[in-house]
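Trainee: Next one to model:
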Amino acid sequence: MSTSKKYTNNLSKESSPYLLQHAHNPVNWEAWNNEALQKAKEENKLILISIGYAACHWCHVMEHECFEDEEVAATMNAHFINIKVDREERPDIDHIYMDALQMMTGSGGWPLNILALPDGRPFWGATFVKKQEWIQVLNQLQQLYIDDPSKIIGYAENMATGLKEINAISTGKDEGLVKPSEIDDIVENWSKYFDTFLGGYKRAPKFMMPTNLHFLKYYSHAKNNDAVSEYVDTTLTRMAWGGIFDHVGGGFSRYSVDTKWHVPHFEKMLYDNGLLISLYANAYAATKNELYKSVVEKSIAFLEEELLDKSNGFYSSLDADSITDDNKLVEGAFYVWQEKQLQQLLKDDYPIFADYYNINSYGYWEEDNYVLIRDGDALEIAMKHSITKIELQEIIVKCLSLLKNEREKRNRPRLDDKILTSWNGLALKGLTDAYRYLEDEKYLSLAVNNANFILHNMLTQEGGLYRNFKNGKSSIHGFLEDYASVIDGFIGLYEVSFDEKWLNLSLDLTKYVIDNFSDPDTGLFFFTSINNDNLIRKTLEVADNVIPSSNSMMAHNLHKLSKYFPEDNFDVRLHNMMQSMKSSIIENPQNHANWLHLSQLMSEDFYELVVIGENFELICRTLLKNYLPNAIFAASNAKISNLPLLMNRYVMNKTLIYVCNHGSCQMPVEEPSKALNLVTSNI
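Mentor: The predicted structure follows:
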């Protein structure tokens, strides 16, 4: 077929790197917009919706096999309004059509390809499809739409009804809250799935699930449960040892395709690393395990080197694929090593390095490539080579530095340089936790700079948030997850800087969410603003996945803010949410771990630690580095403050520590150790 045939691809007008990757396809691509949707209705054409993201390996494969092909493009252009969606920019669209795909097929994934009626109601879906099958199914369904449209319309109507039903949440007015005994039963049943040797669950692929581990770490701490604590530490250690962690450059890939965390899908996402920095920082505070500290340090170094924009916003991701020396686009090419390469680079240090990172059958992947993976204690390797553990670490650091310099010569993975508000909120929270527990001033500086980026670039004139930022512009209004993660990040920044600006911004954004996202029936929040009406469903996102759900994050935010601002009655809203969620939490706890975490916190004593006086910074630093997940902090040296927790508590020439619970405070103390005893004596 001639390549001179004209087509109209409008993706070059977009800023999303994923959409721009498809801007030269011979397909009449449109971005999701009102004009394209209206055109489908006016011309009575089916809509072909293809959803993916820039770091998605199989999205690239399908683009090459189908969307770059003239024959495929001719079929698509003849019969359909073709819409490309970046799922990271438009999670609201992705939620709906991923639910539809899972209802149709029982599974999901990306690329996500949907056929829908001109009004957007879906009737067919698939993930990756080969060229001839793609052409065949498009032609068949288009012909069916001509010959027997009632069949397709009927199926789409049923699907639309089902999409609303599966997202329905009961009001739960009489449910009460999840009881401590119910949480104990949940964890006991959950533990049957634990892989206590390699961590994670007894299956492959393995996702890191930081939200689940965060809850289990706190639960084991609160309950003194050694078995759960050991499982979490095993998982964190194995993940840090695994090939899923980039030992050379820092940072985690998305997930492992095997049971031992060895070979990942190599894309590196901001959200994974923001969440994991927070998780490992908290785990370090609880255990003082130096491995966890190292993971935090290397992961932040990765963010700083690879994903930090000059504006102090963080980019979204690095692709899984990169160009090899023979000009092929190959997954993982940037990260893997061959034995001869390592021997030439490391010379006399190679035998030690090979033992440490298993350049053997355990670390072998495919096609003569190895993915670095640890599988044992460093002391054993040091003893095998008759050196000290310190000498071993010095050799490993030197070797990794050589490998990093060598890797810099390779073709780099493609960068998705759009900046997303919610993912920056997750990174901000990770940085505040890292500063809190590792006490590196650079982490506070990075956090403040990132928060100021959000403040100066992502706020709308109406007091809301934008979703995206690229080339100085934002084009999409924020979703609930943007607000939830930024509020959490700002609260975290207040608790380590005690600059009340960040707490007041959290309060303002929370009130904006209540005014613009509230579901009056359940007390929960819609994923999109109540003013957004161009989708076929208003989604209530409640299930915690790799990223905690936007509603569970908002619930945690309301819990903390109810302590800072009791007069705003956030606790009433919070209890409505928790009541609405109780049955879902109990029926499917693994997908509601952040809700479980909050249920545990609400079932126990939760403290407000207030430090006021000239010496507050030093005292707060002493207190904050302890693992105290069941407490919030407020502090100042000011005689007068508008923050309720600080009012009327200043005493001249003294720095006092108040330990309060539900607003009831014990007599103030001056020594941090005494304050800690008041908090930890009840655990």
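Trainee: Please count neighbours and contacts with C-alpha atoms only from this point.
Mentor: Fine.
Trainee: give me phi/psi at the closest residue to H95 other than its chain neighbours?
Mentor: Using Cα to Cα, 6 or more residues apart in numbering and skipping residues adjacent in sequence, the residue nearest H95 is T539, 7.6 Å away. The phi and psi torsions at T539 (degrees, to the nearest 10) take the values phi -80, psi 140.
Trainee: okay but T539 is in contact with T528, surely?
Mentor: Yes: under the criterion of Cα atoms under 8 Å, T539 is in contact with T528, at a separation of 7.3 Å.
Trainee: Overlap in contacts, those two.
Mentor: Common contact partners of T539 and T528 (Cα atoms under 8 Å, 6 or more residues apart in numbering): D92.
Trainee: more neighbours, those two?
Mentor: T528 (24 against 19; other Cα atoms under 10 Å).
Trainee: can you pull the contacts of the residue nearest to H95?
Mentor: Under the contact definition (Cα under 8 Å, 6+ apart), the residues listed for T539 are 92, 95-96, 167, 526-528.
Trainee: Quick check: D184 is in a helix.
Mentor: Yes: assigned with DSSP: H, G, I helix; E, B strand; the rest coil, D184 falls within a helix.
Trainee: Please give the number of neighbouring residues around it.
Mentor: Tallying neighbours of D184 according to other Cα under 10 Å, which is how burial is gauged here, yields 14.
Trainee: go on, E394?
Mentor: 11.
Trainee: separation between it and K511?
Mentor: Taking Cα to Cα, to the nearest Å as the measure, E394 falls 52 Å from K511.
Trainee: What of A634?
Mentor: For A634, the distance to K511 (Cα to Cα) stands at 21 Å.
Trainee: try H95
Mentor: H95 sits at a distance of 25 Å from K511 (criterion: Cα to Cα).
Trainee: Repeat that for A286.
Mentor: Relative to K511, A286 is positioned 34 Å away (Cα to Cα).
Trainee: got it, and S497?
Mentor: Between S497 and K511 the distance, using Cα to Cα, works out to 23 Å.
Trainee: So those two - more neighbours on which side?
Mentor: Set S497 next to K511 and count neighbours by other Cα under 10 Å: S497 wins out with 19 against 15.
Trainee: which residues sit in contact with A434?
Mentor: A434 touches 277-278, 281, 296, 440, 443, counting by Cα under 8 Å, 6+ apart.
Trainee: Can you list the low-confidence ranges for this structure?
Mentor: Within the chain, the stretches falling below the threshold (pLDDT under 70) are 1-5, 172-174, 681-683.
Trainee: domain assignment for it?
Mentor: Domain assignment for the chain, taken from automatic domain parsing, gives 11-166, 180-250+419-600, 335-409, 607-680.
Trainee: Please identify the deepest-packed of these.
Mentor: Mean neighbours per residue, mean count of other Cα atoms under 10 Å, is largest over the domains of the chain for domain 180-250+419-600, with a mean of 20.
Trainee: gap between the two ends of that domain?
Mentor: The first-to-last residue distance of domain 180-250+419-600 comes to 7 Å (Cα to Cα).
Trainee: Next, report how far it is displaced from the centre of its chain.
Mentor: For domain 180-250+419-600, the gap between its own C-alpha mean and the chain's C-alpha mean amounts to 8 Å (Cα atoms, centre = their mean, to the nearest Å).
Trainee: Contacts for the strand or helix carrying N594, please.
Mentor: Taking DSSP states H and E as the criterion, N594 maps to helix 593-602. The set of residues that contact helix 593-602 without belonging to it, under Cα under 8 Å, 6+ apart, is 177-180, 183, 211-212, 214-215, 218-219, 544, 548-549, 552-553, 555-556, 578, 585, 589, 630.
Trainee: which element follows it toward the C-terminus?
Mentor: In N-to-C order, the element after helix 593-602 by DSSP H and E is strand 607-612.
Trainee: neighbouring strands for that next one, and are they parallel or not?
Mentor: In its sheet, strand 607-612 lies beside strand 631-636 (parallel), strand 656-661 (antiparallel), with partners assigned from DSSP bridges.
Trainee: Using TSV, lay out these together with distance to I83.
Mentor: Formatted as TSV, the entries for those read as follows, by distance: least, Cα to Cα, whole Å:
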stretch	distance to I83
strand 631-636	46
strand 656-661	53
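Trainee: how about those strands, which one is nearest I390?
Mentor: Distance to I390, taken as Cα to Cα, is lowest for strand 631-636 among the strands paired with strand 607-612, at 37.4 Å.
Trainee: Contacts for the closest one next, please.
Mentor: The set of residues external to strand 631-636 that reach it, using Cα under 8 Å, 6+ apart, is 495, 498, 560, 606-614, 616, 620, 645-646.
Trainee: Next, the angle helix 593-602 makes with that strand.
Mentor: Relative orientation of strand 631-636 with respect to helix 593-602: 70 degrees, computed using axes from the mean of the first three to the mean of the last three Cα atoms, to 10 degrees.
Trainee: Walking through the stretch 151-300 of the chain, point out its helices one by one.
Mentor: Here the stretch 151-300 of the chain has its helices, by DSSP state H, counting those that start in this stretch, at 180-190, 210-223, 226-241, 270-287, 290-302.
Trainee: An error on my part: the question was meant for the stretch 1-150 of the chain.
Mentor: Under the criterion DSSP H, counting those that start in this stretch, the stretch 1-150 of the chain contains helices at 17-21, 34-43, 57-62, 70-79, 91-105, 131-147, 149-166.
Trainee: Rebuild those helices as TSV, extending it with distance to V679.
Mentor: Shown next, in TSV, are these (distance: least, Cα to Cα, whole Å):
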stretch	distance to V679
helix 17-21	48
helix 34-43	55
helix 57-62	48
helix 70-79	64
helix 91-105	40
helix 131-147	62
helix 149-166	42
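Trainee: Can you say which of those is nearest to R374?
Mentor: For the helices of the stretch 1-150 of the chain, proximity to R374 was assessed by Cα to Cα; helix 57-62 is nearest, at 26.1 Å.
Trainee: any idea how far that closest one is from the chain center?
Mentor: If you compare the mean C-alpha spot of helix 57-62 with that of the full chain, they lie 22 Å apart, counting by Cα atoms, centre = their mean.
Trainee: Touching it from outside, list them.
Mentor: The list of residues contacting helix 57-62 from outside it, by Cα under 8 Å, 6+ apart, reads 52-53, 110-111, 128-130, 319-321, 331.
Trainee: hmm, which two among these are most spread apart?
Mentor: K130 and D319 (22.0 Å).
Trainee: ok, residues contacting stretch 107-120?
Mentor: Against stretch 107-120 from outside (Cα under 8 Å, 6+ apart): 37, 40-41, 44-53, 56, 58-59, 62, 97-98, 101-102, 122-128, 153, 156, 535-536.
Trainee: Can you tell me the closest non-neighbouring residue to M578?
Mentor: When the adjacent residues along the chain are set aside, M578 lies closest to L177, with 6.3 Å between them (Cα to Cα, 6+ apart).
Trainee: contacting residues around G52?
Mentor: The contact partners of G52, taken as Cα under 8 Å, 6+ apart, are 18, 59, 85-87, 110-112.
Trainee: returning to what we had before: out of the strands paired with strand 607-612, nearest to D258?
Mentor: Among the strands paired with strand 607-612, strand 631-636 comes nearest to D258, with 38.0 Å by Cα to Cα.
Trainee: so how far is the closest one off the chain centroid?
Mentor: Using Cα atoms, centre = their mean, we find the averaged C-alpha position of strand 631-636 to lie 26 Å away from the chain's own average C-alpha position.
Trainee: any chance of the domains of the chain in a markdown table, with distance to E306 too?
Mentor: Formatted as a markdown table, those follow (distance: least, Cα to Cα, whole Å):
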| stretch | distance to E306 |
| --- | --- |
| domain 11-166 | 14 |
| domain 180-250+419-600 | 9 |
| domain 335-409 | 12 |
| domain 607-680 | 28 |
